[in-house]
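In: only geometry, no sequence info:
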C-alpha cells in the first residue's frame, strides 16, 4: 500500500476521529495543492500557507484534525499574476474561481475547485448563486495597510460600498426579490460591469503596496480584523519548507510571530470546529451540480 493509499484510511488524531470521508476531502485538496505548487514553480510565483493551514503545518505537520480546507497567501502582485495564469492553465476538473471568472462570485479572494466533487456554500446556494461548488483550496491576496488607520478605514468603506453593487451583478438562479437586482443583473449580461466593479474594488484593496507598508493583511477576507493583520517584516525573509501530510509546503520563515499574533498560545492544543461547520455541504464522491440540484433545485 502506497503512502497516499494509507493516507485515506480513517485514524484518530489528538483524540479526534478523522473518518474516511474527511480523508477523501483532504486527499482531493492535497491533489489541488500539488497542481497549484507546480504552476507557481513554473512561473516563479511566491506563495505560502497562512491562517489555519499554517497552524496545522507547524503544530500537526498537516491538517488540524477537524479542518476541511487549505489556506494559501500570496502577495498582491503574485496573486494577480496567478489569476491571469491559472485561468488559462488549470485543466478540468480543476477550476479557478474569482470575480473575473464567475459573475456570481461575490468575494475578492480566489479558490481552486475540483468540479467533480461537492462543497456547497449553503448561504450562496440559498441566494441562488450559480457558482462552482466543488471541494476547494483558498487563495488570499496579502495587501498593504496604511499607517493612518482612519484613512485606511475610509478606503475599506469605499471598497465595501463597491461590493454592494458587486453583489447585484450575480447570475442568480432563483428569481430576485428586489427589482434592482433584476435591472443590474440584466445590464451585466450585456455590459462588462462585473469586471469594472472588480477592478475598482481591487484598486481600493491594493492601494498601498505591501513593500511600502509597515502592516499588511488579508483585508479582502477580514477587513478591520486585527488577527489577520501583521507586521510586513514577518514576510521579508525567504520562505522555508515544512512537512504537510505527505507533501513539502512553504511557510513564512517567521511563522512563530505570525502564529503568536493570530492564536496566542498556539502550542497548547484546544479542540475547536472548522470555519465551514454548518455552512458547507461536503461530498467528495459526487459532483456539486447533481447535489445542488437535489438540495436547492438548480
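Out: Arrived safely. The structure displayed is predicted, hence computed values, not measured ones.
In: Point out where the stretch 51-200 of the chain drops to low pLDDT.
Out: 160-194 (pLDDT under 70).
In: Let me see the ranges of the strands in this structure.
Out: Using DSSP state E, the strands of the chain run over residues 11-13, 16-18, 48-49, 71-75, 94-97, 110-114, 118-121, 135-145, 215-217, 229-231, 240-244, 247-251, 280-283.
In: Out of the ones you listed, which gets nearest to residue 289?
Out: strand 118-121 (8.8 Å; C-beta to C-beta). Glycine gets a C-beta too; all of them are placed from N, C-alpha and C.
In: Residue 71 versus the most centrally placed residue in the chain, what's the distance?
Out: Geometric centre of the chain, nearest residue: residue 138, 2.2 Å, by C-alpha atoms, centre = their mean. Going from residue 138 to residue 71 by C-beta to C-beta, to the nearest Å gives 5 Å.
In: Kindly report the same for residue 246.
Out: 19 Å.
In: For those two, indicate the residue with more neighbours.
Out: residue 71 (22 against 14; other C-beta atoms under 10 Å).
In: Among the strands of the chain, which comes closest to residue 81?
Out: Closest among the strands of the chain, using C-beta to C-beta: strand 71-75, at 8.9 Å.
In: Show residues contacting the closest one.
Out: 33, 36, 45-54, 82, 137-142, 210, 218, 235 (C-beta atoms under 8 Å, 6 or more residues apart in numbering).
In: how many degrees apart are that strand and strand 135-145 in direction?
Out: Taking axes from the mean of the first three to the mean of the last three C-alpha atoms, to 10 degrees, one finds that strand 71-75 is oriented at 40 degrees with respect to strand 135-145.
In: Give me the sheet partners of strand 71-75 and which way each runs.
Out: strand 48-49 (antiparallel), strand 135-145 (parallel) (DSSP bridges).
In: Adding distance to residue 256, write those strands out as CSV.
Out: Listed next are the strands paired with strand 71-75 as CSV, based on distance: least, C-beta to C-beta, whole Å:
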stretch, distance to residue 256
strand 48-49, 14
strand 135-145, 18
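In: neighbours around residue 148, how many?
Out: Neighbours around residue 148, by other C-beta under 10 Å: 10.
In: What of residue 88?
Out: Around residue 88 there are 7 residues (other C-beta under 10 Å).
In: re earlier: of all the strands paired with strand 71-75, which lies closest to residue 110?
Out: Nearest of the strands paired with strand 71-75 (C-beta to C-beta): strand 135-145, 4.5 Å.
In: Pull the distance from that closest one to the chain's centre.
Out: 5 Å (C-alpha atoms, centre = their mean, to the nearest Å).
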